[in-house]
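A.B. asks: Sequence and predicted structure below; questions after.
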There are 2 protein chains.
Amino acid sequence: MLEPLEQDVNRRIVLNARPVGGAKETDFRLETQAVPQAGQGQLLVHNHFLSVDPYMRGMMSDRKSYVEPIALGAPMAGLTVGQVVESRHDGFSSGDWVVTNGHWQDYSLVDDAQTWKLAAGLERKSLALGVLGMPGLTAWAGLRLIGKPQAGETLVVAAATGPVGSMVGQLARKMGLRAVGVAGGPEKCRIAVERLGFDACLDHRAPDFEAQLSAAVPDGIDIYFENVGGRVLRAVVPLLNQRARIPLCGTIVTYDDPDRPNDTLPDHTDIIMSRLQQQRVLVQGFLVGDYFHQWGEFLQEVGPWVEAGEISFIEDIVAGLENAPSALIDVINGRNFGKKIVSLRD
Amino acid sequence: MLEPLEQDVNRRIVLNARPVGGAKETDFRLETQAVPQAGQGQLLVHNHFLSVDPYMRGMMSDRKSYVEPIALGAPMAGLTVGQVVESRHDGFSSGDWVVTNGHWQDYSLVDDAQTWKLAAGLERKSLALGVLGMPGLTAWAGLRLIGKPQAGETLVVAAATGPVGSMVGQLARKMGLRAVGVAGGPEKCRIAVERLGFDACLDHRAPDFEAQLSAAVPDGIDIYFENVGGRVLRAVVPLLNQRARIPLCGTIVTYDDPDRPNDTLPDHTDIIMSRLQQQRVLVQGFLVGDYFHQWGEFLQEVGPWVEAGEISFIEDIVAGLENAPSALIDVINGRNFGKKIVSLRD
């Protein structure tokens, strides 16, 4: 089944230039090299799927952040699902399916530090990058552990058809909450309601978005899972109930230029903080890595729902490593539809 | 000792008009009425001291908030320290000293719902409005229960000579933290260091305030006790350490107009939220009333320090009920120096 390594090459995409403002295709470069060989304690993984996520934009800048900047000329980081083709580690065998920090390339040399085996029964391997992977854990940890949902409460989440937002909304419904999504455009909103089961979903581009949101949460908002910032946050804040919780997962609106205030608006910081104080709101910034030790708990609650088909997933799969840069640019600009994945072999 | 009631009158200050923008003296009106008599279960309290606090500005507006709006023509609310002159309640006797929600007046009819006896040994009665009263509890609850301080960490608090800020800084020092204050003007900063024991105090009006703050926190900021907002918040956010905590007590910059964004600046909301996420910061809005059930725990920790003279307090006492309106306007505009109190009898 496995390809003869000696006839293959390793294609990889490296950081060609640091983006100025929005990332563009010329900030990336495709290189080819020989397939490496595993050293002691290492695995050689043949990657089948590459996860494309908004946080990758941050690593392209030379700026202190929770993700380390990628060096110019180094391969882009990212999770992959692949099959072990050579193992010099006792815990893994040739043929094992793993999730690993494989970078944007066909073959990865990795150790066991950030490599996990896939559940034996998982037919659809790409789910290990989505509902049962990091986006799933992100949604579950933010909602369950920070949001502390109570049945009957109301949740709002943006990017409702994205990998995290779609999971947040579906998990909230499972936990007995009213789930209101926000998305860009009527088609995404339709999908969020019809396919993902949101109670309502609103288009943040609508001129009367704020009024629509207010009407969609007659009992106010108890949990706002924050993953976008911008207009959605400003609309949510006046509707927060006493003791509301905001799991703070990201603010995608700032990814291209995280130091520049938005000069199209007056400063809302103080009136927002004032409201958070008056409503006694909790805001907790978090990273999914903080919850890796709770993978088991996550899979125990969510795994059966996925197996039973009670959690829908939307995958947006693009073929070919060479298309990974444009896939990332699409994700940053909200042009993906569901979990963006690059398929490396077909 | 007690004055003959039948010869006395009750002066009180009522809300004359809702402020437009900043509160002004004509928004208040002094009235005189007969001294009332206690009904069953009531106390008549002769007030000696009235506490003047920033939150009172919020009550003057007809706007949903954590404080109920005061009706036009009704007396201004506020805590007083006074002596019971008539008791028709089994738990209190004539002569008892109490803290109560006595409003801005000489005599108050109250029940036991918001009335507490002063500790028997408390010589300086006005402290029950300051270091051993609400401001003290506010400081302690925010710092101890939300901030969860660890010895060796760095704390920043603004309004460092104010009743809450001065207490936060001194408690932080007691708990082994580096305490950096922020205040308006060099004189307040000098007092904060020399009299209150802050490790450093910076003038937020200085042109290079941001650089001064950065230099004063070489190990970053672990706890920012937020009571002002504005420029101080914007300067603090880039200096926050991983897993920093922000007890969110108020944003005095917004009190005059809590719905209007600051149009002298571009919107910083998203870049601030982004930073809070990356640093995994906790923000928790709170009201002192949430911690009334922990008065005992507060007094147990802080009382001995005050008795031993290890906690300094600064009182800014103004004589005469008629001066209460200008006292409040001063407090809102940062022109008080320490805990503002109106003395009603001298």
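C.D. replies: All right, it came through fine. Residues are numbered from 1 along each chain as shown, chains lettered A, B, ... in the order given.
A.B. asks: only C-alpha atoms for contact and neighbour calcs from this point on.
C.D. replies: Will do.
A.B. asks: so where's chain A uncertain?
C.D. replies: A:1-7, A:64-66, A:252-258, A:346 (pLDDT under 70).
A.B. asks: residue nearest the centroid of it?
C.D. replies: A:Pro135 (4.5 Å; CA atoms, centre = their mean).
A.B. asks: State the distance from that residue to B:Val84.
C.D. replies: A:Pro135 sits 62 Å away from B:Val84, going by CA to CA, to the nearest Å.
A.B. asks: and if you look at A:Gln114?
C.D. replies: From A:Gln114 to B:Val84 the distance is 69 Å (CA to CA).
A.B. asks: Of those two, which one has the most company?
C.D. replies: Between A:Gln114 and B:Val84, counted using other CA atoms under 10 Å in any protein chain shown, the more crowded position is B:Val84 (22 against 11).
A.B. asks: what sits opposite that one in the beta ladder?
C.D. replies: B:Val45 (DSSP bridges).
A.B. asks: ok, it touching B:His46?
C.D. replies: Yes - using CA atoms under 8 Å, B:Val84 is in contact with B:His46, at 6.2 Å.
A.B. asks: which residues are there in chain A that come within reach of chain B?
C.D. replies: When proximity is defined as CA under 8 Å from any CA of the partner chain, chain A approaches chain B at A:65-66, A:229-230, A:248-251, A:253-254, A:258-271, A:273-274, A:276-287.
A.B. asks: redo that, cut-off 7 Å
C.D. replies: With CA under 7 Å from any CA of the partner chain as the criterion, chain A meets chain B at residues A:65-66, A:229-230, A:248-251, A:254, A:258-259, A:261-271, A:274, A:276-286.
A.B. asks: Using neighbour counts, trim those residues to the buried set.
C.D. replies: For the residues of chain A next to chain B, a neighbour count by 16 or more other CA atoms under 10 Å in any protein chain shown gives the buried set as A:66, A:229-230, A:248-251, A:254, A:258, A:261-262, A:266-271, A:274, A:276-286.
A.B. asks: Out of those residues, which sit inside helices?
C.D. replies: For these, the ones inside helices are A:Gly230, A:Thr269, A:Asp270, A:Ile271, A:Ser274, A:Leu276, A:Gln277, A:Gln278, with DSSP state H as the criterion.
A.B. asks: Going by distance to A:Gln242, which of those wins?
C.D. replies: A:Gln278 (8.0 Å; CA to CA).
A.B. asks: looking at this, A:Leu171 is in a helix?
C.D. replies: Yes - secondary structure assignment places A:Leu171 in a helix (DSSP: H, G, I helix; E, B strand; the rest coil).
A.B. asks: Just give me the neighbour total for it.
C.D. replies: Neighbours around A:Leu171, by other CA under 10 Å: 22.
A.B. asks: Give me the nearest residue to it, chain neighbours excluded.
C.D. replies: Using CA to CA, 6 or more residues apart in numbering or on different chains and skipping residues adjacent in sequence, the residue nearest A:Leu171 is A:Trp140, 7.3 Å away.
A.B. asks: Using PDB, write down the CA coordinates of the helix or strand encompassing the one you found.
C.D. replies: In this assignment (DSSP states H and E), A:Trp140 forms part of helix A:134-140. Backbone C-alpha positions of helix A:134-140 (Å, rounded to 0.1, in the frame of the first residue of the first chain) are rendered in PDB as follows:
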ATOM      1  CA  MET A 134      -8.500  20.600  17.800                       C
ATOM      2  CA  PRO A 135     -11.600  22.600  16.600                       C
ATOM      3  CA  GLY A 136     -13.800  20.200  18.500                       C
ATOM      4  CA  LEU A 137     -11.700  20.400  21.600                       C
ATOM      5  CA  THR A 138     -11.600  24.200  21.400                       C
ATOM      6  CA  ALA A 139     -15.400  24.400  21.100                       C
ATOM      7  CA  TRP A 140     -16.000  21.900  23.900                       C
END
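A.B. asks: who's in contact with the very next helix or strand once past it?
C.D. replies: Next along the chain after helix A:134-140, taking DSSP H and E as the criterion, comes strand A:154-157. Contact with strand A:154-157 is made by A:165, A:169, A:177-182, A:220-226, as judged by CA atoms under 7 Å, 6 or more residues apart in numbering or on different chains.
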